[in-house]
Structure formats: C-alpha cells, structure tokens
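Peer 1: Sequence plus predicted model, see below.
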There are 2 protein chains.
Amino acid sequence: MLKDFESKKREDKSSLNAQIKELQALLLSQQQLLMREKLPMIVLIEGWSASGKGTLIKELISELDPRFYHVESPKVLPEAEERYPFLYQYFKAIPVNGKVTFLDSGWMEAAVRKYLRHEITKDEYRHRIRQVNEFERQLRDSGYVILKIFLHIGKQVQYERLSQLVEDPATEWRVDKEDLWQHKEYKRFMEAYDEFMDKTGDIAGWHILDGSRHITATRDALKLITQRVERAVQEGRYQGVTSEEDFPLKEMPKLAEVDLSPTIDDDEYKKELKKLQTRISELHNILYRKKIPVILCYEGWDAAGKGGNIRRLTYALDPRGFDVHPIASPLPHEQSRQYLWRFWTRLPKTGHICIFDRTWYGRVMVERLEGFCSENEWRRAYHEINEFERMLTEWGAVLLKFWIHIDQDTQLERFTLRENTPEKQWKITDEDWRNREKWSEYEIAVDEMLSKTSTKNAPWHIIESNDKKYARIKALKIIVKALEKACDKHFQKMME
Amino acid sequence: MLKDFESKKREDKSSLNAQIKELQALLLSQQQLLMREKLPMIVLIEGWSASGKGTLIKELISELDPRFYHVESPKVLPEAEERYPFLYQYFKAIPVNGKVTFLDSGWMEAAVRKYLRHEITKDEYRHRIRQVNEFERQLRDSGYVILKIFLHIGKQVQYERLSQLVEDPATEWRVDKEDLWQHKEYKRFMEAYDEFMDKTGDIAGWHILDGSRHITATRDALKLITQRVERAVQEGRYQGVTSEEDFPLKEMPKLAEVDLSPTIDDDEYKKELKKLQTRISELHNILYRKKIPVILCYEGWDAAGKGGNIRRLTYALDPRGFDVHPIASPLPHEQSRQYLWRFWTRLPKTGHICIFDRTWYGRVMVERLEGFCSENEWRRAYHEINEFERMLTEWGAVLLKFWIHIDQDTQLERFTLRENTPEKQWKITDEDWRNREKWSEYEIAVDEMLSKTSTKNAPWHIIESNDKKYARIKALKIIVKALEKACDKHFQKMME
C-alpha cells in the first residue's frame, strides 16, 4: 500500500550504476530469449506525476534492440474527446509474439483519473476495474507476460520536482493543470491508487517502487523485469484455463428445431423494405448525433445470404458513417497477437456503425473444427467473448448478432445455381464444398456457440433464410427496433 | 470548365433506373476482374457542398461486395489540428491490389479550401498542386487506376438544397458554416476549382458530372467507372516510365574514395557524447513545442554500427516523443501496395522524431540486387524518392540521411567477433554472409544511390564508422546542427 510505503536506505551511486549496466546487458540478452520462445510481454509503468516514468523507460530501453520493443504513451483524454471504449488504446498496443510493449502509464491512470474527476460514475468505475481484470486475464491466458510497476513519490518530493520544472522556462510547459490538480489532491489520489491496486492485483501483481531517487528506481525496475522474464522463459508459455463465471443466458433453440418455412410475398417485401430502409436512414442520423456506436455481426452458413442481407442494410446508410469489415483468415501480424486484437482494432467510433461479415465467433467454429486453435483455447473463448461483448454494451454500443440460417437442401440449390451461372461462379469455391461436407460437425459447434454466448445483453437472433427476402426483412426489423430503443434509452439516460 | 458547364436535357426516369441497374451489375462483375488482374483502383469524388457526393457513393457501392472496396471520407481539418503532411490521409487510404477505394472528397477539396481560407500561402498552394501531380503519377506508374469525378451544381441548386436541409430539424446539423461559407463565396470557389482541375488533369483527367439530378449523376458516374475498368483490364497493369526532372544535387564522393581512418580518443568521446546528448535533449523539448517533425534515416553496411549509433541518440530523447522504425521485408499487406506506403504510414506527427533503421532506399539496394522489383521500378525510384523527400521537407520536416560506412576488413572482423561471442551470435545470420559476398554489387548500387538522391534539401551524410565512436559523435553533431537550424528558421518564419 502506498500509505505504508517506506523508502529504503540510500545506496552507493557507483555500485548502483554498475548493477544497472549489468542488468541492462542481461535484459538485452533476454530480448533474444523472448523472441526465441515467442513470448509477448507488456510492461506497464504507472505512477505519480513527476515520479520519473519517462526517465525510467528511457533507461529500460537504452540498450535494447528497437526491432523488438515499442514504447506507447497513451493519452488520458477528457471524456468528450473519447470515441472508443476505455481499453481500446491499450488493447491496440499489445505486442506480437516475442516483442515487448512498454506503457508510459495506462489503464490505471485512465480509470482513476476519470473517476476522481467525476467523469465516470461509481458504477462505471467498478465496471472498469472488472474490465481491467478481464483484460489482464485474457492476455495472460493467451500467453502474454505482464509486469506492472507503480512509481511512488511522496507529496513533498512531488512538490519539489514540480516546482523545479515550473521555475525553468525550458521545462515549464511540461507541467499542466492535471499535474497541479493531482498534487493538490494528493491524498485522494493515494487512496484511489491504493484501492485500484488492491482490486487489480490478482492476475498480475503490482510492484511499488520508490521513485524518489531515479537511479535506485531504475535498478529496481530492471531487476523486476529481468526476474520476470527469467521466470517466464523457464515456465514456458502460459496456458489459460476455462473460466467458470456464469453469464445470464437466453435459451436458444437447436438449429434442427428451427422452422425454416416462413416466406414473404414480393409486394409486401418491397413495401416493407422501403419503409425499413427509410427508418434506418433516419435513425442513422440520430445515432450519429447522439454518438451511439453500433456493432452488427453476421454469421451463417455459406450461401445463406449474409452479403445480400448486409447490402439491403448498407443501402440505407450514409457511407460516411459506416464500415463493413469482411473477416477472412488472420494476416500474420494479426495471427501473432491475441485473437480478439483484430476485432478490437476494428471497433467503430462512437456514432458510427460497423458491420462484421463474419466475426470473432470464427474462434469457436472454423478455428475449432479445423484445429487452428487448441481445445483449451476455443473452450475458453465462449467466456472471453461474453466478456468482450459485455464490455461493448457497457460502453454503450448497440450490439446485434445474427445467425443467417438455411437448411442443407437450400444450400445445395444455391451452390449449384452459383456454379451454373457464369457471373456467380466466383462466389463458390472448393472450400465451400469442403465446409458443406462438415455440416453436422458445424451444426454441433454452432448449437454450442448459440447456447453459450446468447447473453442477455447480446443475444443471438436466428434469421430464417430459406426465403432470402423474408430474412432481410426480419433482420432489418430487429435492427430498427434495437436502434429505436437505444436512441430512446440514450435520451432517458441524459435526462436522469 | 465549370463556368461553361451546361446541363443536358432531362432523361426519362424509368430508363435511367434500368440503365443504373444494368451498370451496377456490370460493376459487380468487374470487381472480379480487378481482383483477378490484381489492379488497385482509386475513385475520387469531389464536388460542391450538397452536390450529392454521399448519395452518389451509396449508389456506386450498393451492389458491390464489401470485401473488395472501401469508402474513405477524409476530413478537411482546420490547419491547427493537422499533424501530418497534406497527402498523408490520402496515401494512407490507397487500396491493396485488386481492391477499390472510393474517396468522398479528397486532395482537391483539401488544397482549395485551405487556400481560399488563407491558411496556406500562394507558394504552399503551388507546392500542393505539384505534390498532387506527383502523387497521382507515382500511383499510376505503379499500376493504380485512378478516376476523378467532380460533381457540379449551380449556385441556385446549391441554395435550394442547403436551405432544404437547414429547414428540416432532422437534417439541419448536416449543414455547417463551411458549407454556408462556400455558398457565399461560390464564385471564388468556382474559379479555384477550375484552376485546380486545369492544373491536375494530366495524369488522370477530370470528369465533370451534372449533380443537379441525382439519378442522372449516378448513371453517368457508373458509366465512367465501368468504362475505366474495362479499359484498365484490357490494357493491363500500367508500367511507369523513368521520369526525367532534375533535382539540384550535391556532389558525393564514391565510397571507395572515402577516408575511413578518422578516430576519436576515449576521453574526448565521453566528453563530446555527454555534451551532445544534453544538447539534443534540450532541442527535443523545443522541437516538440514548436511542432517541428524530424525524420532520421540510417542506412549502411551490415555491422557498420547503425544500432549503436541510434541508441546513443535515443538515449538523449524522451520516449514519449520519438519512435524507432526498424524496416524489414514488407508484410503481405504492405507488399501489395505502392512501396512507399509503409513509410508514409509511419511518418511522425509534427513535433515528433522518427528514426528509420533502414529505409525506403531498400528499393534501390536490396530490392534491386535481389530482383524483388523490376529494373524499371528501381530506376524510377530515385526520382520518386526525391519527390517524396521534397514533400517532407516542404512540409517542414528536418530530414537527415546517414550512410554508416565501413570497409570490408572491418566488417569481417565484426562478423567474426559476433560469431565468437555467445551473446552476440543472434546479430549475425547467413544472410549477412550472403550480402557480404555481394559487396561489390552493393557498392555500385550505393554509389549510384548516393549520387542520384543527395538532393540539396535532403543530402546524404557519409559517416566513417571503422571507429564506431567517431561515427556516433559525427552523426550526433550533424543532428544537433540541423535541429538548431530548424528551431532558428522556424522562429524566423513565424516572425515574418
């Protein structure tokens, strides 16, 4: 705890310098070990204003090979400028296998400062603490090595350092009103830091270092990091275990039980389509101005009609306010990061709509069935995905998930039609036929997915698509209803 | 010219609708051709406020497969918020081979509006026009298909559309003061647009479309695009020709003539190093506040000491204000774009320093010698690189290029030392030995590179590095001098 922290006795400078040199050399050689073992590492440096975080990081990296590390200095922006979820910028910064990211302050500072500024409520703050724990656990479970350091200085030392900076015209600009505010509110910050560390130490423990003397802090930090790397290399890549927390789930039917007979006649289709598109267009305007983010997920059988369904939707949208993300196999730089990274980095800004044509559910379908991930990994994914989606809805996003459903006969008809129509041939590949052969395996995986991830906050919608037109109208209706509710709720919340 | 533009006679709506449907289907099938031929395409839609650019793009993409196109709506930000070069956001948006980027306004609007707002000088505007032509030529030469459309409406039509938007509470927010200002200054804008189109039509011609009736504009745009694709597919990928414009060059010595004997003694090294690092640290502060961007390029023989040189520099810098970009072989998504793309997207923000450990000069060294690009391509690169660097210095960047130089004997010594020192073995690979065998071929390529790209605004500095310490001091001195000059010049410019 910061409030009980005691500085140790002053050590001799030349001995410290010698130790630092040795540890820097050790860390340089460990960089090679991390690369060899393909271990990704995150070193988070938090601490007081003027505690010397920047100087410390400079020393940590001074002998390292720049090909294998990256320094990230995320900004704590005033709420109004933020357009992404709380953890977005940290998730974005996670390294690929074998590399290290140093963070010059991060999720702790962002959560605590916003809370003390009253820019987030007590509830939102609690959510953020839980999200941090989930974030760290997910990363650890997929093999990330996480080390967290807090650089501590007393109020008096902070006073001296800040005033020294302010008095020198060359450095005066480095002190902003946030720093001064922290100094004034030193005690409140200390309590909040202590509370935060207390609640987020389970996955990766906090290390409080004495920042009152740079050279000692440097030596201590280098010691911690090199010890952590040594342990990580010895233990090998961590394998997560399946988590057990229960999410409130909606009961889902088995796919085999779904009645695929519903149809719509042409006139009604045209009339409904026009009406729904007009309404979505209006709602898009409102969402944009209210800054509500929208995430629409499309999964379904090959040839079920996802593309056509998406086009009927996007036709109603202003191209400046949406993006479609078609999801194929991960590229190498995506493959060598935690599997949700490529979705985190594609999240929409507030007020924007993003449409995923296939999604993170690939983990529990194709990656499961083709053996692209281990059983442990796909089993864990249900829970990780539920957490990810809870984070999105807590952020305020409208999140809708569609399973576009057809039966095997209908798929065969459409495959055959595609093969026999020259301008549709590109739509059908050998892989589609191979997937078709595994229909029953897929059906088991999809049933399991629907039952385990249809959370109350982000339930699945099964869209019967033997009649494509019926499917389009049904999906658009669900979208309209959800968007209307969001616009309304948003208004209510603002009025509270 | 806009001022002579005459609307054609009104066509029948149902006939137009039928044509649009047909053309949309054609474009959908052409998407496959573009993919097959691996042709990347850029469709730029410029035009008046309220001319219907968004609506047009919506129609263009409505039948397309989202996997193969992307819509980009770059913002024209007030100058104060801009932290990157003028063309940065457009270069960032170029598609990979086989895909299409639609731009909802772009470099024309950005240049013209800033000029009319007096946020850039007449000279800067002239530069931008030249840069646009270079940008388009470079993209065309590397196989990009570029189509540029201007959506034209008369002042009266604009008045009607803007007032209709303003009068409806649901759309009022869509009209901002920029739109109203344009309407007020319609005549000035028209002249500026005409001038801009007149000066930027050589590489890819402008097509002015009548925007007064959406449906006609849609048909006409679809016609243009499908015709352009057809021509592109017929003609096949365009092969650029070597450009001839002469840049003012600094005379460079041949590598063989460079005297590699200079050394520095240890005491002086330590003293100088400390002094220079302190000074760079101060200058980094100033640059940061003055928002001057700095780009430092390191090239040189394997084992010449680039890494050590860079570390002595970064040790003096605040980690929050710089990035090191180690450049290896391009990743797939980089490989399938114009070769400068991966450097454009790594440019620093104003006020930041970025250090390239190897650079775009790979094009005329390793890519040339290993046959990773055609002779035509690497020959063209000298000129393209000179243009790229001129753009950077016109932007206001400090750009320094170092060739870290050693002789063959020194390299052999260092290679051998690396092989015999366990903790250095990772630094030496078979590839290093293979490159070494090609020393004389490389020497020819490097000599040619130095002589053809040592422009007055971005000359090469040869750093004699048989004595590594001498090399470090020499490079740091050049950096200090350049940064001091930049800080000084920046001040002078502000005073003008």
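Peer 2: Looks like it arrived, so ask away.
Peer 1: CA only for contacts and neighbour counts going forward, please
Peer 2: Noted.
Peer 1: So which bits of the strand or helix carrying residue A:129 are buried?
Peer 2: Secondary structure assigned from DSSP states H and E places residue A:129 in helix A:122-141. Judged by neighbour count (16 or more other CA atoms under 10 Å in any protein chain shown), helix A:122-141 contains these buried residues: A:124-129, A:131-141.
Peer 1: So which elements touch that helix?
Peer 2: Counting contacts by 3 or more CA pairs under 8 Å, 6 or more residues apart in numbering or on different chains; DSSP states H and E, helix A:122-141 is packed against helix A:107-116, helix A:375-395.
Peer 1: and the next element down the chain from the longest one?
Peer 2: What that stands for is helix A:375-395. Sequence-wise, the next helix or strand downstream of helix A:375-395 (DSSP H and E) is strand A:398-405.
Peer 1: Parallel or antiparallel, list what pairs with that next one.
Peer 2: Using DSSP bridges, the strands paired with strand A:398-405 are strand A:294-300 (parallel), strand A:460-464 (parallel).
Peer 1: got the ones you listed as CSV, with mean pLDDT and mean neighbour count columns?
Peer 2: Output for these, formatted as CSV (pLDDT from 0 to 100; neighbours: other CA atoms under 10 Å in any protein chain shown):
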stretch, mean pLDDT, mean neighbour count
strand A:294-300, 98, 21
strand A:460-464, 98, 22
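Peer 1: who wins for proximity to residue A:253 among these?
Peer 2: Closest to residue A:253 of these is strand A:460-464 (CA to CA; 9.2 Å).
Peer 1: For whichever helix or strand comes after that closest one, name the packing helices and strands.
Peer 2: Sequence-wise, the next helix or strand downstream of strand A:460-464 (DSSP H and E) is helix A:468-495. Where contact means 3+ CA pairs under 8 Å, 6+ apart, helix A:468-495 is packed against helix A:266-290, helix A:306-314, strand A:398-405, strand A:460-464.
Peer 1: ok, now how distant is residue A:372 from chain B?
Peer 2: 20 Å (CA to the nearest CA, to the nearest Å).
Peer 1: Quick check: residue A:239 is in a strand.
Peer 2: No - assessed with DSSP: H, G, I helix; E, B strand; the rest coil, residue A:239 is coil; it does not lie in a strand.
Peer 1: thinking it is in contact with residue A:143, fair?
Peer 2: Yes - between residue A:239 and residue A:143 there is a contact under CA atoms under 8 Å: 6.5 Å.
Peer 1: what about these two, which has more around it?
Peer 2: Between residue A:239 and residue A:143, counted using other CA atoms under 10 Å in any protein chain shown, the more crowded position is residue A:143 (22 against 13).
Peer 1: For that one, which residues are in contact?
Peer 2: By CA atoms under 8 Å, 6 or more residues apart in numbering or on different chains, the residues touching residue A:143 are A:39, A:40, A:237, A:238, A:239, A:240.
Peer 1: Apply 7 Å and report the result again.
Peer 2: By CA atoms under 7 Å, 6 or more residues apart in numbering or on different chains, the residues touching residue A:143 are A:39, A:237, A:238, A:239.
Peer 1: now the residues you listed: which count as buried?
Peer 2: By neighbour count, with 16+ other CA under 10 Å, these hold A:39, A:237 as buried.
Peer 1: how about CSV for the contacts of residue A:143, with pLDDT and distance to residue A:420 added?
Peer 2: Shown next, in CSV, are those (pLDDT from 0 to 100; distance: CA to CA, whole Å):
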residue, pLDDT, distance to residue A:420
A:39, 97, 49
A:237, 92, 50
A:238, 92, 50
A:239, 85, 48
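Peer 1: Give me the pLDDT value at the residue nearest the centre of chain A.
Peer 2: Taking CA atoms, centre = their mean, the centroid of chain A lies closest to residue A:344, which sits 4.4 Å from it. For residue A:344, the model assigns a pLDDT of 97.
Peer 1: Could you measure from it over to residue B:351?
Peer 2: For residue A:344, the distance to residue B:351 (CA to CA, to the nearest Å) stands at 28 Å.
Peer 1: in the helix or strand of chain A at the bottom of the mean pLDDT ranking, what's buried?
Peer 2: Across the helices and strands of chain A, mean confidence by mean pLDDT, DSSP states H and E is lowest for helix A:468-495: a mean of 89. The neighbour-count check on helix A:468-495 (16+ other CA under 10 Å) flags A:468-477, A:479-480, A:482-484, A:486-487, A:490 as buried.
Peer 1: OK, contacts around residue A:92?
Peer 2: Contacts of residue A:92 (CA under 7 Å, 6+ apart): A:341, A:345.
Peer 1: Mind doing that once more with 8 Å?
Peer 2: By CA under 8 Å, 6+ apart, the residues touching residue A:92 are A:341, A:344, A:345.
Peer 1: Would you mind trimming these to those in range of chain B?
Peer 2: Among these, no residue lies close to chain B (CA under 8 Å from any CA of the partner chain).
Peer 1: of those residues, closest to chain B?
Peer 2: The closest of the contacts of residue A:92 to chain B turns out to be residue A:345 (CA to the nearest CA; 16.0 Å).
Peer 1: pretty sure that closest one is touching residue A:88, no?
Peer 2: Yes - Residue A:345 lies in contact with residue A:88 (CA under 8 Å); the separation is 7.4 Å.
Peer 1: Thank you, goodbye.
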